[in-house]
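A.B. asks: give me coordinates for this.
(chains A and B, ligands or ions: 2)
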Amino acid sequence: MHERLSYYVKRDSALHRLNPLTKIILALSIVLVSIVSPWYWTAHILLLLVIVPLSFAGRVSREYFTSAIRLILPAAGFIFLMQAFFQPIGNTVIFKYLFLDVTQESLSFAFRISTRIAVMISAFTLFLLTTHPSELMSDLTRRGLPPQFAYVIISTLQILPQMQAKAQTIIAAQRSRGLDTESTFFKRAGSVVPLVGPLVFGSLVEVEERAIAIEARGFTSKSIKTSLHEIPDSLSDKIIRWVLILLVLLSIALKIWLS
Amino acid sequence: MKIEIRDLRFTYPTGLEALQGVSLVVEPGEQVAIVGQNGAGKTTLVRHFNGLLQAAAGSVLIGEWDPKKYSVAKLASRVGYVFQNPDEQLFSKDVGTEVKFGPRNLGYAKEKIDELVQRALSLTELSDKTETNPYDLSPTWRKMVALASVIAMDTPIVIFDEPTTGQDALNVARIAHVIAELRREGKTVITITHDIDFCAENFERVIAMSKGRILLDGPAREILGQEHILAQTYVDPPQLTRLGKKLGLKETVRNQVEFLEIYKNHRNK
Ligand SMILES: Nc1ncnc2c1ncn2[C@@H]1O[C@H](COP(=O)(O)OP(=O)(O)O)[C@@H](O)[C@H]1O
Ligand SMILES: [Mg+2]
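C.D. replies: Ligands and ions are numbered 1, 2, ... in the order given. Okay, here's the model as predicted:
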């Protein structure tokens, strides 16, 4: 009941105040530019000079660096090793291990690809850290996204922590009736049965109740709905979006022109 | 079995200090009601009795056992705990199997298990429903199944967390009957409740909690008269108690019998 429903960190910052659509476009443009730009160092520079400053602008630098260590570094590191060892390019062998050659070319390729991966994950991490999922969904619904689609996304985000909390309560209730969940593996495996029944049944009941509750508020009504919660979309949001789109088009054009 | 709590403190991982130094002793065979506003820490307190939560500071003793040194499954042989929502514990395909689950976990002999299950089922008036699937029963009967499944464990201490919430008058009477029967067998019963009439009619001792502390603890007659302190934790004394006060009766009354008797004396004077 006190679990975090998403990555979102509630704070007030310039990044938090941006319209959700602007933030999606920002994340997507960073990713696209890092991929299509023909220049080798683009991704590295984006990471150091755009992503990191943005995390400070959004006042989520601490959370960003935590997830960088936990998630981004291992993912990028894995890609780096795979590419360095298995990319069959280049002749300047730096060292050999069994039948695998690590060449200067494969190293530089691996460095570029893994940084792109880091940029990709970082951009969306920043987006998730500074955007409340329901705000995103209301904004997108207002712009024409089918509400059913928004509902599926939101409830998926929420169902995991809710099921987790429910499972905790059920396990506590069964342990209180003497169910041994701690000692041997077999006892633990056996203790799954008294958990799954109430969990699945309870979740099904909840789904039904939720369906009735939203239907009672006119979820499938075709008429135009107003929203209690206005999500600001300022002129600067619009300008930022157009500038970003132009930047992306520009880097695509550069790529085509140079190749 | 005696329960001894000394200066118990507990803080949830969220940083919320749910218990801020609670001390109490419950003698074997006592019947205690715990009242208080939502979030006062009642559930948090009783979850320390069977080891679901562990004290951050202070001490808990169940008999001579320190719950920290025993698993919840072990403590289940001393403390039976009926959760508020039966749907979070019922999983068997029929009532009989469900009620058997607890005593079987405790490793009693087969004959004893059968006897305990029969007794629990008849006490909760479920004897004619042993073959039914719990989910085919109404919510009130499911509540009785949850009660039976804990009573069948034959623990010296039984805890009910809000047993009467959402129950009809008939079922409240059934639950009161179960508690009276447990008292007759000499068991300790601790009940969390928001139903102040239920509390006044069935319990000799009342504990009022507020914001992680015990506000009042004593005989029901004394506690239920302290309107102003109870108001701090959003508890209203029972209607008859308040009526008695309004009529200027000298003693605090808790139920119809007491009210009629005292009121008669009052008028005859
Ligand atoms: N699992 C939990 N995590 C964090 N806080 C909790 C948890 N359970 C309860 N609390 C908080 O602890 C306080 C006491 O809760 P609880 O003992 O359930 O109160 P009561 O049973 O008296 O209504 C409340 O403020 C509640 O929000
Ligand atoms: Mg409670």
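
A.B. asks: longest helix in the chain, please.
C.D. replies: Since no chain was named, I'll use chain A. Scanning chain A for the longest helix, with DSSP state H as the assignment, gives helix A:147-176.

A.B. asks: chain B, not that one
C.D. replies: The longest helix of chain B (DSSP H) is helix B:169-184.

A.B. asks: other SSEs contacting it?
C.D. replies: Using 3 or more C-beta pairs under 8 Å, 6 or more residues apart in numbering or on different chains; DSSP states H and E, the elements in contact with helix B:169-184 are helix B:110-123, helix B:139-151, strand B:157-161, strand B:188-192, helix B:196-202. C-beta here means a position set from N, CA and C on the backbone, and glycine is covered the same way.

A.B. asks: what are the contacting residues of it?
C.D. replies: Applying C-beta atoms under 8 Å, 6 or more residues apart in numbering or on different chains, the external contacts of helix B:169-184 come out as B:29, B:31, B:123-125, B:140, B:143-144, B:147, B:151, B:158, B:160, B:163-164, B:167, B:189, B:191, B:195, B:198, B:201-202.

A.B. asks: now B:Lys68. Nearest residue, chain neighbours left out?
C.D. replies: The spatially closest residue to B:Lys68, leaving aside those adjacent along the chain, is B:Gln54, at 5.6 Å (C-beta to C-beta, 6 or more residues apart in numbering or on different chains).

A.B. asks: any idea how far B:Ser71 is from the one you found?
C.D. replies: Shown here: B:Gln54 relative to B:Ser71, a distance of 12 Å by C-beta to C-beta, to the nearest Å.

A.B. asks: quick revisit: starting at the chain centroid, how far to the longest helix of chain B?
C.D. replies: Between the mean C-alpha location of helix B:169-184 and the chain-wide mean there is a distance of 11 Å, by C-alpha atoms, centre = their mean, to the nearest Å.

A.B. asks: for stretch B:258-269, same thing?
C.D. replies: Shown here is stretch B:258-269, whose average C-alpha point lies 32 Å from the average C-alpha point of the whole chain (C-alpha atoms, centre = their mean).

A.B. asks: same check, this time on stretch A:10-20
C.D. replies: Distance of stretch A:10-20 from the chain centroid (C-alpha atoms, centre = their mean) equals 17 Å.

A.B. asks: now that stretch - C-alpha only, PDB.
C.D. replies: Written as PDB, here are the backbone C-alpha positions of stretch A:10-20 (Å, rounded to 0.1, in the frame of the first residue of the first chain):
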ATOM      1  CA  LYS A  10       7.800  13.800  -7.300                       C
ATOM      2  CA  ARG A  11       9.800  17.000  -7.400                       C
ATOM      3  CA  ASP A  12       9.500  20.400  -8.900                       C
ATOM      4  CA  SER A  13      11.900  21.200 -11.700                       C
ATOM      5  CA  ALA A  14      12.000  22.600 -15.200                       C
ATOM      6  CA  LEU A  15      12.000  19.100 -16.600                       C
ATOM      7  CA  HIS A  16       9.100  18.000 -14.500                       C
ATOM      8  CA  ARG A  17       7.100  21.000 -15.700                       C
ATOM      9  CA  LEU A  18       7.600  20.200 -19.400                       C
ATOM     10  CA  ASN A  19       4.600  18.700 -21.100                       C
ATOM     11  CA  PRO A  20       4.800  14.900 -21.200                       C
END
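
A.B. asks: close to chain B, is it?
C.D. replies: No. Figure legend: stretch A:10-20 not in contact with chain B (C-beta under 8 Å from any C-beta of the partner chain); closest approach 14.5 Å.

A.B. asks: now B:Val25. Its backbone dihedrals?
C.D. replies: Geometry field for B:Val25 lists phi and psi as phi -130, psi 130, criterion degrees, to the nearest 10.

A.B. asks: so how far is B:Ala33 from it?
C.D. replies: Here the distance between B:Val25 and B:Ala33 works out to 16 Å (C-beta to C-beta).

A.B. asks: and those two? which has more neighbours close in?
C.D. replies: More neighbours sit around B:Ala33 than around the other of B:Val25 and B:Ala33, counting by other C-beta atoms under 10 Å in any protein chain shown; the figures are 25 against 12.

A.B. asks: who in the stretch 101-250 of chain A is up against chain B?
C.D. replies: Listed as neighbours of chain B in the stretch 101-250 of chain A under the rule C-beta under 8 Å from any C-beta: A:166, A:169-170, A:172-183, A:193-198, A:201-202, A:205.

A.B. asks: that older thread, for the longest helix of chain B, output the C-alpha coordinates as CSV.
C.D. replies: Backbone C-alpha positions of helix B:169-184 (Å, rounded to 0.1, in the frame of the first residue of the first chain) are rendered in CSV as follows:
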residue,chain,number,x,y,z
ALA,B,169,-26.3,-8.4,13.2
LEU,B,170,-26.9,-12.2,13.1
ASN,B,171,-23.2,-12.9,12.3
VAL,B,172,-22.0,-10.4,15.0
ALA,B,173,-24.1,-12.4,17.5
ARG,B,174,-22.4,-15.6,16.2
ILE,B,175,-19.0,-14.0,16.6
ALA,B,176,-19.9,-12.9,20.2
HIS,B,177,-20.9,-16.5,20.9
VAL,B,178,-17.6,-17.8,19.6
ILE,B,179,-15.7,-15.4,21.9
ALA,B,180,-17.8,-16.3,24.9
GLU,B,181,-17.1,-20.0,24.2
LEU,B,182,-13.3,-19.3,24.0
ARG,B,183,-13.5,-17.4,27.3
ARG,B,184,-15.2,-20.5,28.9
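
A.B. asks: out of the helices and strands packed on helix B:169-184, nearest to B:Trp65?
C.D. replies: Of all the helices and strands packed on helix B:169-184, strand B:157-161 sits nearest to B:Trp65, with 11.2 Å by C-beta to C-beta.

A.B. asks: what are the boundaries of the helices in the chain?
C.D. replies: Unless you meant another one, I'm taking chain A. A:14-17, A:20-36, A:42-46, A:52-57, A:61-67, A:73-86, A:104-130, A:133-142, A:147-176, A:185-190, A:193-216, A:235-258.

A.B. asks: the intended chain is chain B.
C.D. replies: Taking DSSP H to define them, one finds helices in chain B at B:42-46, B:72-75, B:95-105, B:110-123, B:139-151, B:169-184, B:196-202, B:220-224, B:227-232, B:239-246, B:256-268.

A.B. asks: I'd like these as a markdown table, with distance to B:Leu61 and mean neighbour count appended.
C.D. replies: Shown next, in a markdown table, are the helices of chain B (distance: least, C-beta to C-beta, whole Å; neighbours: other C-beta atoms under 10 Å in any protein chain shown):
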| stretch | distance to B:Leu61 | mean neighbour count |
| --- | --- | --- |
| helix B:42-46 | 14 | 22 |
| helix B:72-75 | 12 | 22 |
| helix B:95-105 | 23 | 23 |
| helix B:110-123 | 26 | 17 |
| helix B:139-151 | 22 | 24 |
| helix B:169-184 | 22 | 16 |
| helix B:196-202 | 26 | 21 |
| helix B:220-224 | 24 | 21 |
| helix B:227-232 | 28 | 14 |
| helix B:239-246 | 34 | 16 |
| helix B:256-268 | 35 | 13 |
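
A.B. asks: okay if I get the ones you listed as JSON lines plus distance to A:Ser106 and mean pLDDT?
C.D. replies: Shown next, in JSON lines, are these (distance: least, C-beta to C-beta, whole Å; pLDDT from 0 to 100):
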{"stretch": "helix B:42-46", "distance to A:Ser106": "58", "mean pLDDT": "95"}
{"stretch": "helix B:72-75", "distance to A:Ser106": "55", "mean pLDDT": "90"}
{"stretch": "helix B:95-105", "distance to A:Ser106": "59", "mean pLDDT": "92"}
{"stretch": "helix B:110-123", "distance to A:Ser106": "68", "mean pLDDT": "95"}
{"stretch": "helix B:139-151", "distance to A:Ser106": "64", "mean pLDDT": "94"}
{"stretch": "helix B:169-184", "distance to A:Ser106": "73", "mean pLDDT": "94"}
{"stretch": "helix B:196-202", "distance to A:Ser106": "76", "mean pLDDT": "91"}
{"stretch": "helix B:220-224", "distance to A:Ser106": "79", "mean pLDDT": "88"}
{"stretch": "helix B:227-232", "distance to A:Ser106": "73", "mean pLDDT": "87"}
{"stretch": "helix B:239-246", "distance to A:Ser106": "84", "mean pLDDT": "87"}
{"stretch": "helix B:256-268", "distance to A:Ser106": "90", "mean pLDDT": "86"}
